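Visitor: Task: produce atomic coordinates for the following.
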Amino acid sequence: MYKIVYYGDKRLTTENEKIKHIDDTVRKQVKKMIRTMFNKKGIGLAAPQVGINKRIVVIDTSFGEDKEHILVLFNPEVVTKSTETNVMEEGCLSFPELYIPVERAQSITVRALTLDGKDVEFEAHDFFARVIQHETDHINGVLMVDRVSPDKRLEVSGELAEIKKMAEIV
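Guide: Model prediction:
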């Protein structure tokens, strides 16, 4: 299992490497990421959150209901977003115990590479779209606090400072 990288760690905002070949090393990283996600009770995890600067995302598509429904995406990119948005509180394993309202597109189209090496393009809506946008942000070096107003960021600045201290300890 991997350790989670916390807010304040530069690996969360570093440019991430595209996956060109899905080999045994990448497969092992994915398995370990999935175990980490479930152990930490997450519904999504991006490789930078465990200190791996690669464009890998794992998502529990049952959102905690069934460990058999895992989506693994390599190099995912959101190619279209609906103009309809919604605001919902988000949490993040890299921001322990912090929940903040984030505005995101209600529907998106995603292009990615799957675990079996196939190029896919699909639509995602509602909560599923939100999770994909959140995890895709991670591999683009964007954090959920980057998506909130300056006032909201100021409001949670104390919590952010505490999380940064955790990042320094680890």
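
Visitor: Apart from its chain neighbours, what residue comes closest to Arg147?
Guide: Leaving aside its sequence neighbours, Arg147 sits nearest to Val102 (Cβ to Cβ, 6 or more residues apart in numbering; 4.8 Å). Just so you know, the C-beta spots here come from the backbone N, C-alpha and C atoms, and that holds for glycine as well.

Visitor: Can you verify the one you found is assigned to a strand?
Guide: Yes: Val102 forms part of a strand when assessed by DSSP: H, G, I helix; E, B strand; the rest coil.

Visitor: how much space is there between it and Asp137?
Guide: 9 Å (Cβ to Cβ, to the nearest Å).

Visitor: for Lys20, same thing?
Guide: For Lys20, the distance to Asp137 - Cβ to Cβ - is 22 Å.

Visitor: Which single helix of this structure contains the most residues?
Guide: Longest helix in the chain, counting residues (DSSP state H): helix 24-39.

Visitor: For the very next helix or strand once past it, name the packing helices and strands.
Guide: Next along the chain after helix 24-39, taking DSSP states H and E as the criterion, comes strand 44-46. Under the contact criterion of 3 or more Cβ pairs under 8 Å, 6 or more residues apart in numbering; DSSP states H and E, strand 44-46 touches helix 24-39, strand 56-60, helix 126-139.

Visitor: Make CSV from these and add mean pLDDT, distance to Gly8 and mean neighbour count to it.
Guide: CSV is the format used below for those (pLDDT from 0 to 100; distance: least, Cβ to Cβ, whole Å; neighbours: other Cβ atoms under 10 Å):
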stretch, mean pLDDT, distance to Gly8, mean neighbour count
helix 24-39, 97, 19, 15
strand 56-60, 97, 22, 26
helix 126-139, 97, 15, 21
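
Visitor: would a markdown table of those with distance to Arg111 be doable?
Guide: Below are the helices and strands packed on strand 44-46 laid out as a markdown table (distance: least, Cβ to Cβ, whole Å):
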| stretch | distance to Arg111 |
| --- | --- |
| helix 24-39 | 19 |
| strand 56-60 | 13 |
| helix 126-139 | 11 |
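
Visitor: what sits up against the helix or strand containing Gly158?
Guide: Secondary structure from DSSP H and E places Gly158 in helix 157-169. By Cβ atoms under 8 Å, 6 or more residues apart in numbering, the surrounding residues in contact with helix 157-169 are 5-9, 95-98, 145, 153.

Visitor: List the contacts of the residue positioned nearest the centre of the chain.
Guide: Here the mean C-alpha position of the chain is nearest to the C-alpha of Glu135 (Cα atoms, centre = their mean), at a distance of 2.3 Å. Counting by Cβ under 8 Å, 6+ apart, Glu135 touches 44-46, 57, 59, 76.
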